[in-house]
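Colleague: Give the three-dimensional model of this entry:
(one chain, ligands or ions: 2)
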Amino acid sequence: MNPSLSQPDPSSRTQHRARTSWSGTGAVAEPDLERAAAGARILLEALGVDLDDESLARTPERMAGSLAELMSPRPFHLTTFPNDGGYDEMVVARSIPLRSLCEHHMLPFVGTAHIGYLPGARILGLSKLARVLEHFASRPQVQERLTVQVADWLAAQLSPVGVGVVIEAEHLCMTLRGVQAPGTTTITSSLRGVLREDSRSRAEFLALTRSPC
Ligand SMILES: Nc1nc2c(ncn2[C@@H]2O[C@H](COP(=O)(O)OP(=O)(O)OP(=O)(O)O)[C@@H](O)[C@H]2O)c(=O)[nH]1
Ligand SMILES: [Zn+2]
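Modeller: Numbers count the residues shown, from 1 in each chain. Ligands and ions are numbered 1, 2, ... in the order given. The predicted structure follows:
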């Protein structure tokens, strides 16, 4: 397991690598783009696509590159600051855009996330709430696991009093194909600490994720 994702780091900046190698979390190894393009060519031809057309000639390479891009989290460092002011109310980043890849169909799911926490001794650089989402979204995923991974990571890295993650997403495998239920979105949530145990804190967090700007 990548130690930077499992252990709180005493320093305020922890580098998070773009690629990870452990199994069971949807993480992927370095891509072999040449082999991926060859595979995409076989797939498209088997599906009856004519790749002789000039416009499609490089489609296998583009397809391989696009999928690899959706599985490539950008590296980021964790930045935290001492909570000198003793801030003890909720910090919530709302409507963070999300794109990920359904691990069953390799089709995108897209939506928004609301991520918040009740600070303890340290506060988090705000952009890191979006960066950690992007980190775990950039791999073949299921929405439930993504939601839990973001909450677990924040709980482990920040030791906050509470953590809340709500994700609402449209799965193209459900809206464009298969059952074809356009407009359906799926909501998942993961709460830790006080946000899970205290009904008023939970209600406050969930209200903040819903209230108009
Ligand atoms: N729980 C969960 N299921 C997902 C997610 N993304 C896709 N799925 C579901 O994964 C399931 C895969 O089921 P299968 O029956 O093997 O696949 P399928 O025959 O293509 O199913 P249909 O989509 O119903 O046509 C489908 O029900 C998808 O809706 C997710 O993030 N979480
Ligand atoms: Zn799917």
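Colleague: what's the spacing between Ala169 and Glu144?
Modeller: Note on Ala169: its distance to Glu144, by C-beta to C-beta, to the nearest Å, is 11 Å. Every residue, glycine included, has its C-beta placed from N, CA and C.
Colleague: Comparing these two, which residue is more hemmed in?
Modeller: More neighbours surround Ala169 than the other of Ala169 and Glu144, with 23 against 13 (other C-beta atoms under 10 Å).
Colleague: Report the contact partners of the more buried one.
Modeller: Ala169 makes contacts with 98, 100, 109-112, 143, 185-186, as judged by C-beta atoms under 8 Å, 6 or more residues apart in numbering.
Colleague: Which ones among those residues also lie next to ligand 1?
Modeller: The residues of the contacts of Ala169 that also fall near ligand 1, by C-beta under 6 Å from any ligand atom, are Gln143.
Colleague: Closest to ligand 1 out of the contacts of Ala169?
Modeller: Gln143 (3.7 Å; C-beta to the nearest ligand atom).
Colleague: Look up phi and psi at that closest one.
Modeller: Listed backbone geometry of Gln143 is phi -60, psi -40, with angles given as degrees, to the nearest 10.
Colleague: same check, this time on Arg139
Modeller: When quoted as degrees, to the nearest 10, the phi and psi of Arg139 stand at phi -170, psi 160.
Colleague: from what I can see it touches Pro73, true?
Modeller: Yes - taking contact to mean C-beta atoms under 8 Å, the distance of 7.2 Å between Arg139 and Pro73 places them in contact.
Colleague: So if we follow the domain assignment, how does this structure break up?
Modeller: 18-72, 79-210 (automatic domain parsing).
Colleague: all strands for this protein, in order.
Modeller: Taking DSSP state E, the strands of the chain run over residues 13-16, 76-82, 91-102, 108-118, 122-124, 140-141, 162-171, 186-193.
Colleague: can you put the ones you listed in JSON lines and add mean pLDDT and distance to ligand 2?
Modeller: As requested, those are exported to JSON lines (pLDDT from 0 to 100; distance: least, C-beta to the ion, whole Å):
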{"stretch": "strand 13-16", "mean pLDDT": "56", "distance to ligand 2": "26"}
{"stretch": "strand 76-82", "mean pLDDT": "93", "distance to ligand 2": "27"}
{"stretch": "strand 91-102", "mean pLDDT": "98", "distance to ligand 2": "3"}
{"stretch": "strand 108-118", "mean pLDDT": "98", "distance to ligand 2": "7"}
{"stretch": "strand 122-124", "mean pLDDT": "97", "distance to ligand 2": "31"}
{"stretch": "strand 140-141", "mean pLDDT": "97", "distance to ligand 2": "10"}
{"stretch": "strand 162-171", "mean pLDDT": "98", "distance to ligand 2": "6"}
{"stretch": "strand 186-193", "mean pLDDT": "98", "distance to ligand 2": "11"}
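Colleague: winner for burial among these?
Modeller: Across the strands of the chain, averaging neighbours per residue (mean count of other C-beta atoms under 10 Å) puts strand 162-171 on top, at a mean of 24.
Colleague: Near ligand 2, which residues of this structure? Just list them.
Modeller: Taking C-beta under 5 Å from the ion as the contact definition, the chain meets ligand 2 at 102, 104-105, 173.
Colleague: which of the domains of the chain has the lowest average pLDDT?
Modeller: Note on those: lowest mean pLDDT is at domain 18-72, with a mean of 89.
Colleague: list the contacts for Gly164?
Modeller: With contacts taken as C-beta under 8 Å, 6+ apart, Gly164 has the following neighbours: 92, 114-117, 151, 189-192, 195, 202, 205-206, 209.
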